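Peer 1: Just the structure for this:
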Amino acid sequence: MGLCLLTVILILLVPGCRSSDVQPDVVAVNPTATRRFVDQTAEPTANDLQPTQTPIVAEFDETSASQTPQPSETPDTRLDPVDWRNWPVVPTVSPRAIEIYLSGLAKGTNPNHFSKIGDCQNVPSYFLADFDRGRYRLGEDYADLQEVIDYFEGSWERESVAVKGGFNVASVLNPLFSNPEFCEKNETPLDCEFRLHNPSIVIISMETWWNHDDPTKYEFYMRHLLDKVIAYGALPILATKADNLEGGHVINQSIANLAYEYDIPMWNFWAAADPLPEHGLHEDGFHLTLGLGNYFDDPDNFAGAWPIRNLTALQTMQAVYQAVKAIQ
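Peer 2: As a prediction, this is how the structure comes out:
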């Protein structure tokens, strides 16, 4: 029976990120693609977290009881997940998200650490590492991002044990895929990353689920992943993806459903990449187009998807950082 169970698990965990020996060429310059993405990043304040108070009645009078003001339900301000294509690239941060973050700090998470969980589009050679290595320029438009770069110093280029080419959502929940050099026996990649880095925030970016006959499995395992992250005390940030290999944008729809259900930030990378030439994708419809590096003072550099991915991820981290800083 044990052998059969292992076989079923391995069938489910078909690698989720294909490798390629051919690097995409630098895309053609398109200055018109330049735009600033932070346009809907209202920050909650401490007052947003206070419960509505019911007016106090000094003396009870049966004749006036029906006129006593009743507490009203808090309006649901969450965005409709069906309309995820029109969600902002950089999310707002809800009181529920701040509650998750603060619960983690009470458990001892490190406020200066964040982790990445994902597949090959999250490896440090392309994603975020330049902000620790000094290979970037913010320019005047993005100079305010330096504060968040400094605050999370060391996490940008860190090689997460929960990131690997070939990972899918189920992989990070299975000890079979842990790195034995760093992880303990029977420790999942996710648990191993928590133990090693103790993050207060995690960026979850999973682009693929190769069981095309049943894409609902993506949402099933992602929900399990979110439950574990939140139970640990880290605030998850979900990321949409640029491609649509599965058809019907089923995975992005699942991501939006979960962001709505858990009331957590969703970094809508799809909305940032979609206006780019070829939607920011190489000829294979999956790998992201290159730019000329993370030099955000050069308008010509915004024609490639990788500079846009790094910039909007940085802006998302800034939005979360500013929201939690306001209530600490």
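
Peer 1: List the buried residues in the longest strand along the chain.
Peer 2: Scanning the chain for the longest strand, with DSSP state E as the assignment, gives strand 110-118. The neighbour-count check on strand 110-118 (16 or more other C-beta atoms under 10 Å) flags Pro111, His113, Phe114, Ser115, Lys116, Ile117, Gly118 as buried. The way it works is simple: take the backbone N, C-alpha and C, and place the C-beta from them, glycine included.

Peer 1: Repeat that for stretch 117-135.
Peer 2: 117-124, 127-132.

Peer 1: Quick check: chain neighbours aside, which residue is closest to Phe194?
Peer 2: Excluding its sequence neighbours, the residue lying closest to Phe194 (C-beta to C-beta, 6 or more residues apart in numbering) is Tyr232, at 5.5 Å.

Peer 1: host element of Asn257?
Peer 2: When elements are assigned from DSSP states H and E, Asn257 belongs to helix 250-262.

Peer 1: tell me what that helix is packed against?
Peer 2: Judged by 3 or more C-beta pairs under 8 Å, 6 or more residues apart in numbering; DSSP states H and E, helix 250-262 is in contact with helix 216-232, strand 235-239, strand 266-267.

Peer 1: Pairing partners for the second one, with directions?
Peer 2: Each strand that strand 235-239 pairs with, and the sense of that pairing, follows from DSSP bridges: strand 199-205 (parallel), strand 266-267 (parallel).

Peer 1: looking at those strands, which is buried most?
Peer 2: Among those, the stretch with the highest mean neighbour count (mean count of other C-beta atoms under 10 Å) is strand 266-267, at a mean of 28.

Peer 1: What is the distance between the helix or strand following that strand and the centre of its chain?
Peer 2: Using DSSP H and E, the helix or strand that follows strand 266-267 towards the C-terminus is helix 269-273. Going by C-alpha atoms, centre = their mean, to the nearest Å, the spacing between the C-alpha centre of helix 269-273 and its chain's C-alpha centre is 13 Å.

Peer 1: Summarise which helices and strands helix 269-273 is packed against.
Peer 2: Using 3+ C-beta pairs under 8 Å, 6+ apart, helix 269-273 is in contact with helix 305-325.

Peer 1: CA atoms only for the helix it packs on - export them in PDB, please.
Peer 2: What follows is the C-alpha trace of helix 305-325 in PDB, where atoms were taken according to Å, rounded to 0.1, in the frame of the first residue of the first chain:
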ATOM      1  CA  ALA A 305       8.700  41.700 -18.500                       C
ATOM      2  CA  TRP A 306      11.600  41.000 -16.000                       C
ATOM      3  CA  PRO A 307      12.200  44.600 -15.100                       C
ATOM      4  CA  ILE A 308       8.400  45.100 -14.700                       C
ATOM      5  CA  ARG A 309       8.200  41.900 -12.600                       C
ATOM      6  CA  ASN A 310      10.900  43.200 -10.200                       C
ATOM      7  CA  LEU A 311       9.600  46.700 -10.000                       C
ATOM      8  CA  THR A 312       6.000  45.700  -9.300                       C
ATOM      9  CA  ALA A 313       7.100  43.100  -6.700                       C
ATOM     10  CA  LEU A 314       9.100  45.800  -5.000                       C
ATOM     11  CA  GLN A 315       6.200  48.200  -5.100                       C
ATOM     12  CA  THR A 316       4.000  45.500  -3.600                       C
ATOM     13  CA  MET A 317       6.400  44.900  -0.800                       C
ATOM     14  CA  GLN A 318       6.500  48.600  -0.200                       C
ATOM     15  CA  ALA A 319       2.700  48.700   0.100                       C
ATOM     16  CA  VAL A 320       2.700  46.000   2.700                       C
ATOM     17  CA  TYR A 321       5.600  47.500   4.500                       C
ATOM     18  CA  GLN A 322       4.000  50.900   4.800                       C
ATOM     19  CA  ALA A 323       0.700  49.400   5.900                       C
ATOM     20  CA  VAL A 324       2.200  47.400   8.800                       C
ATOM     21  CA  LYS A 325       4.600  50.200   9.700                       C
END
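
Peer 1: sorry, back to before: so which of the strands paired with strand 235-239 is nearest Asp144?
Peer 2: Comparing the strands paired with strand 235-239 by their distance to Asp144 (C-beta to C-beta), the top pick is strand 266-267, with 17.9 Å.

Peer 1: Right, I'll call it a day here.
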